[in-house]
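A.B. asks: The following comprises the amino acid sequence and a computationally predicted model.
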Amino acid sequence: MLNQFFKLKENNTTVKTEIVAGITTFMTMAYILAVNPDILSATGMDKNALFTATALSAFVATLVMALVAKLPFALAPGMGLNAFFAFTVVLGMGYSWQFALTAVFLEGIIFLILTIFNIRELIVNAIPLSLKHAVSVGIGLFIAFIGLQNAGLIVNNDATLVGLGNMGSPAVLIALGGIVLIAVLLALKVKGALLIGIFVATIVGIPLGVTHMPEGNLVDTPPSLAPIFWKFDFSKVFTFDMLIVLFTFLFVDMFDTVGTLVGVSSKAGMLDKDGKVPRVKQALFADSIGTTFGAMFGTSTVTTYVESASGVAEGGKTGLTSLATAVLFLLALFFAPVFTMVPAAATAPALVLVGFFMMSPILNIKFDDFKESIPAFITIIVMPLTYSIAEGIVFGMLTYVLLKTLTGKFKDISVVMVVLAVLFILKFFI
């Protein structure tokens, strides 16, 4: 039944490969179960209820991705967007967390409407093939950078912005060991190399004090959603501040999701002959449903996770991968202490090696055609340096439109690209 529904043979994959890929994706993004409640609780929201909201929203969104889009992508409340929710909207602008949740809920509804009328799909398809390959490479550098930061290998440095961390730190040593282990396993073509690396690094971290064993029961009843469920404030819907907050949520989520779908699809070889993501409308539908339900549960914007690339790197090609990830998010509700004990130092090596995997589409970029390769380069370099997939796409597309216009190649620019370029420019001045 699984083979028939997910077309495993047609995609040259197996149930075992897909399940391992799904577990790997979950392990590389399980940190969100601990990090999201920690960030959003700064607003005064109940931290235990936030754990349940995070797991449930990830489960619902990823399940829709698995069963409707049948793509190997997982979703959860997005990093960056949760920080904007907590530290800008609530603590910075002084609005209540109920106001911020209302903005997220409205964003989900708007995205649902845009998806139904194919507007988001038009945007995805409007991105030139060279930029789609560049997005994959840029995400590769970005995710490797995140992994190095999580491990403490790369740290903040006032003099040069970034610098080398403490090489004697147990977390750094575990991360380095994990990178070497996974690299050896990959070279030996061992299946599940990323997952094995995460598991071994977690175990090694116990005596070194990096992995903290859970206290109390390993299995427990999920915390109640009651303190944050359906807590909306519609009294300020028609204010200018709501417009600004809503636009920011819309913009960042739109291009983070688009970038992840395009980049990971490019790496997986899933783009069709025209460079389009298969079943992209259904994938965007999953994102919209996730955000809408996430707001109802009481969490910030749900988006497609770049860590999905780790599952793809393990061979995941169908919705069975995301189904396995969704089931693990559901189980996490009852095994919270087990899933949250995996330290960042253990998942960091997987992210670094996934970054390596994401680099291969650079071979498809025609570097002798500067009108194509320069925008691609801008896309690649801006993503990790601005810490934003969305900004990388913005600068890449603007460069593409400018170069094509100034060199007289108007036929290469679609109407959608022109409209987006104008909106991007306006964004910088509003």
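C.D. replies: Good, I have the coordinates.
A.B. asks: Show me what counts as buried in the helix or strand where Met27 lies.
C.D. replies: For Met27, the host element (DSSP states H and E) is helix 15-29. Under the neighbour-count criterion of 16 or more other CB atoms under 10 Å, helix 15-29 has 17-29 buried. Quick note: C-beta positions are derived from backbone N, CA and C, even for glycine.
A.B. asks: and the gap between the residue nearest to Phe73 when sequence neighbours are not counted and Leu164?
C.D. replies: Leaving aside its chain neighbours, Phe73 sits nearest to Ser308 (4.4 Å; criterion: CB to CB, 6 or more residues apart in numbering). Look at Ser308 and Leu164: by CB to CB, to the nearest Å, they are 29 Å apart.
A.B. asks: more neighbours, those two?
C.D. replies: Ser308 (33 against 12; other CB atoms under 10 Å).
A.B. asks: Compute the inter-axis angle for the helix or strand harbouring Thr54 and helix 15-29.
C.D. replies: According to DSSP H and E, Thr54 maps onto helix 47-64. Put simply, helix 47-64 runs at 150 degrees to helix 15-29, going by axes from the mean of the first three to the mean of the last three CA atoms, to 10 degrees.
A.B. asks: can you give me how far helix 47-64 is from the chain middle?
C.D. replies: 15 Å (CA atoms, centre = their mean, to the nearest Å).
A.B. asks: Tell me the helix or strand right after it.
C.D. replies: strand 75-77.
A.B. asks: ok, that next one: who's next to it in the sheet?
C.D. replies: Here the strand partners of strand 75-77, with direction, are listed using DSSP bridges: strand 302-304 (antiparallel).
A.B. asks: if we look at the strand it pairs with, which residues are touching it?
C.D. replies: 57-58, 61, 65, 73-78, 81, 253, 256-257, 260-261, 283, 286-287, 290-291, 293-294 (CB atoms under 8 Å, 6 or more residues apart in numbering).
A.B. asks: likewise stretch 156-175?
C.D. replies: 147, 150-155, 201, 204-205, 208-210, 343-346, 348-349.
A.B. asks: same check, this time on stretch 262-277
C.D. replies: Contacts for stretch 262-277 (CB under 8 Å, 6+ apart): 71-73, 124-125, 127-129, 132-133, 135-136, 138-140, 261, 278, 283, 306, 308-309, 312-313, 317, 357-358, 360-361, 389.
A.B. asks: need the helices for the stretch 301-430 of the chain, in chain order.
C.D. replies: 308-313, 319-332, 336-339, 344-357, 370-386, 389-406, 415-429 (DSSP state H, counting those that start in this stretch).
A.B. asks: Among those helices, single out whichever gets nearest to Leu101.
C.D. replies: Of all these, it is helix 319-332 that lies closest to Leu101, at 20.5 Å by CB to CB.
A.B. asks: any idea of the angle the closest one forms with helix 15-29?
C.D. replies: Going by the same axes, to 10 degrees, helix 319-332 makes 50 degrees with helix 15-29.
A.B. asks: So Leu398 sits against Phe424, correct?
C.D. replies: Yes: with contacts counted by CB atoms under 8 Å, Leu398 reaches Phe424, the gap being 5.6 Å.
A.B. asks: mean pLDDT for the helices of the stretch 301-430 of the chain: which is lowest?
C.D. replies: With a mean of 72, helix 336-339 has the lowest mean pLDDT of the helices of the stretch 301-430 of the chain.
A.B. asks: got the contact list for it?
C.D. replies: 30, 33, 51, 214-218, 220, 222, 328, 332.
A.B. asks: Now with 7 Å, please.
C.D. replies: 30, 33, 51, 214, 218, 220, 332 (CB atoms under 7 Å, 6 or more residues apart in numbering).
A.B. asks: Could you identify the most distant pair in these?
C.D. replies: The most distant members of these, if one measures by CB to CB, are Ala30 and Asp220, lying 16.8 Å apart.
A.B. asks: Show me the longest helix that occurs in the chain.
C.D. replies: Using DSSP state H to define each element, the chain has its longest helix at helix 240-268.
A.B. asks: residues of the helix or strand just after that one that come out buried?
C.D. replies: Once helix 240-268 ends, the next helix or strand along the chain (criterion: DSSP H and E) is helix 280-297. Neighbour-count burial for helix 280-297 flags 280, 282-297 (criterion: 16+ other CB under 10 Å).
A.B. asks: go on, stretch 357-377?
C.D. replies: 357-359, 361-362, 364-365, 371-377.
A.B. asks: and what of stretch 237-255?
C.D. replies: Under 16+ other CB under 10 Å, the buried positions of stretch 237-255 are 242, 245-246, 248-250, 252-255.
A.B. asks: Return stretch 246-261 as PDB; C-alpha atoms alone will do.
C.D. replies: The C-alpha coordinates for stretch 246-261 follow below in PDB (Å, rounded to 0.1, in the frame of the first residue of the first chain):
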ATOM      1  CA  LEU A 246       1.600  41.100   8.900                       C
ATOM      2  CA  PHE A 247       3.700  42.200   5.900                       C
ATOM      3  CA  THR A 248       6.900  41.200   7.600                       C
ATOM      4  CA  PHE A 249       5.500  37.700   8.500                       C
ATOM      5  CA  LEU A 250       4.200  37.300   5.000                       C
ATOM      6  CA  PHE A 251       7.400  38.400   3.300                       C
ATOM      7  CA  VAL A 252       9.900  36.300   5.300                       C
ATOM      8  CA  ASP A 253       7.700  33.200   5.300                       C
ATOM      9  CA  MET A 254       7.000  33.400   1.600                       C
ATOM     10  CA  PHE A 255      10.600  33.500   0.500                       C
ATOM     11  CA  ASP A 256      12.000  31.200   3.200                       C
ATOM     12  CA  THR A 257       9.500  28.600   2.100                       C
ATOM     13  CA  VAL A 258      10.000  29.200  -1.600                       C
ATOM     14  CA  GLY A 259      13.800  29.100  -1.100                       C
ATOM     15  CA  THR A 260      13.700  25.800   0.800                       C
ATOM     16  CA  LEU A 261      11.300  24.100  -1.600                       C
END
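A.B. asks: That one: how far from the chain's middle?
C.D. replies: With CA atoms, centre = their mean, you get 11 Å for stretch 246-261.
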